[in-house]
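> Sequence and predicted structure below; questions after.
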Amino acid sequence: MCCTRVGDNAAVSIPLMRSYPAMVFDLDGVVYRGPDPVPHAVDTLSSLRDAGTGIVFATNNASRTPTDVARQLQSLGVAAEPAEVLTSALAGATVLRNALAPGAQVLAIGGDGVARALESVGLTPKIPVQHSADDGPTGAVAAVLQGYGASVSASDLAEAAYAIQSGARWIATNDDLTLPTNRGVAPGNGSLVAAVRIAVDSDPEVVGKPGPLMYELAARQLGQDAAHTLGVGDRLDTDIAGAHAAGMDSLLVLTGVHGPQDLVRAPKSHRPRYIGTDLRTLSAPYDEPIHDADDRWSASGLVASLKGSADKPRVAFEGDASVAPEQADVIRLRLALRVLWSALDRGKVSVASAVSAVTAAQ
């Protein structure tokens, strides 16, 4: 799958939306930031719908139900149905549905999204109260599904630990250690999982990003294989790494967590194929950088190469960009990253010097 095809006389760039019939979108930092839509996200998603692109919204947030998420998207002007929302809680519940008998009891640790996800796949959630891990007519719970919830208590974590020590299968929706809030950084689900891990001396199965499962489930839901599905996100260590693990191409948009310095530091498994300022990248022609025999990278009339020394490398540009001025900066970034990633992979520059070089190239 590619964004540039060869015409009669020259390479012709085509939009990513024409190359990928299905897309998996992260939410926070991609579609919205807090209560507000990310600029250009609503219009771009509408254009994708009009073009027939299959869409799934995938989030590591296990505390909310797909209905809650869809309502928030609708309030921002994004057409979305609950069936198009895949939470990490639903991914975990799907794994358990495939392993347990219908109606099996599962201890639900976390917000309402965890219990509702279990119900939606035909399992029976048990809400943690004292002795909930082993009481009831069917005895011990078959599994523990642990996701984030603002009201999760030490007692809840203790019940999870008791159930796991009694043989229950343990699945964590995600292991994000921190949770950004408007008041600061709070402990995330990974911190709560770590508390249980210490008690039980074992590790859970983690189903959320950066694992491949959510992307695999989304592609299956959209009726596409990995080669025809694009992952779109703002975080290298979750969205991009998860798409890569599932064998998908990915687009990083610069509207959220990670930016140019993070990109140049990224290991190979965290590097996106595509980089864009925002979601408009999906509907604009995308001229993917091309590598030549002289170790130069070119796109949209610009040619980039590595100059300077190993300690002080720099990216040199030649030519004039054949794009609008507001698009030239991201073209330069794409080229600079290709040059610097190539140099890093061959040991020609250090990470620190590459960070300095990408900063100077902007």
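Sure thing, it's come through.

> going forward, measure contacts and count neighbours with C-alpha atoms only.
Will do.

> OK, contacts around A321?
300-302, 328 (Cα atoms under 8 Å, 6 or more residues apart in numbering).

> go with 10 Å
299-303, 327-329, 331-332 (Cα atoms under 10 Å, 6 or more residues apart in numbering).

> again with I171
Per Cα under 10 Å, 6+ apart, neighbours of I171: 89, 92-93, 95-96, 143-147, 193, 203-207.

> Pick the one among the residues you listed closest to Y162.
V144 (10.2 Å; Cα to Cα).

> Confirm the closest one sits in a helix?
No. Going by DSSP: H, G, I helix; E, B strand; the rest coil, the assignment for V144 is strand, not a helix.

> Identify the bridge partners of it.
Note on V144: beta-bridge partners by DSSP bridges are L107, W170.

> mind checking how far it is from P272?
34 Å (Cα to Cα, to the nearest Å).

> same deal with G208?
19 Å.

> all helices in the stretch 251-362 of the chain, in order from the N-terminus.
Using DSSP state H, counting those that start in this stretch, the helices of the stretch 251-362 of the chain run over residues 260-265, 325-345, 351-361.

> tell me what the second one is packed against?
Under the contact criterion of 3 or more Cα pairs under 10 Å, 6 or more residues apart in numbering; DSSP states H and E, helix 325-345 touches helix 260-265, strand 274-276, strand 290-291, strand 297-299, strand 302-308, strand 313-318, helix 351-361.

> Of all those, which one is nearest F25?
strand 274-276 (14.0 Å).

> can I get the helices of the stretch 251-362 of the chain in TSV with mean pLDDT and distance to V114?
Shown next, in TSV, are the helices of the stretch 251-362 of the chain (pLDDT from 0 to 100; distance: least, Cα to Cα, whole Å):
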stretch	mean pLDDT	distance to V114
helix 260-265	96	32
helix 325-345	92	39
helix 351-361	91	40
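
> ok so, going back, V144 and P272 - which one has more neighbours?
Remark: of V144 and P272, V144 carries more neighbours, 27 against 24, as counted by other Cα atoms under 10 Å.

> Pick out the most distant pair among the contacts of A321.
Farthest apart among these - using Cα to Cα - are V303 and Q327, which lie 15.4 Å from each other.

> For Q74, give me its contacts.
Here Q74 is in contact with 42, 68, 80-81 (Cα under 10 Å, 6+ apart).

> Among the residues you listed, which one sits closest to L252?
Looking across the contacts of Q74 and measuring by Cα to Cα, the closest to L252 is V42, at 17.2 Å.

> How about the closest one, nearest residue that isn't a chain neighbour?
On the basis of Cα to Cα, 6 or more residues apart in numbering, the spatially nearest residue to V42 that is not a chain neighbour turns out to be V78, at 5.6 Å.

> re earlier: among the helices and strands packed on helix 325-345, which is nearest D36?
strand 274-276 (19.9 Å).

> That closest one pairs with which strands, parallel or anti?
strand 249-253 (parallel).

> Report the rounded mean pLDDT for the strand it pairs with.
What strand 249-253 shows for mean pLDDT is 98.

> ok, now stretch 29-36?
Here the average pLDDT along stretch 29-36 is 90.

> Run through the residues that contact V56.
V56 neighbours (Cα under 10 Å, 6+ apart): 22-26, 80-86, 215, 217-219, 221-222, 231.
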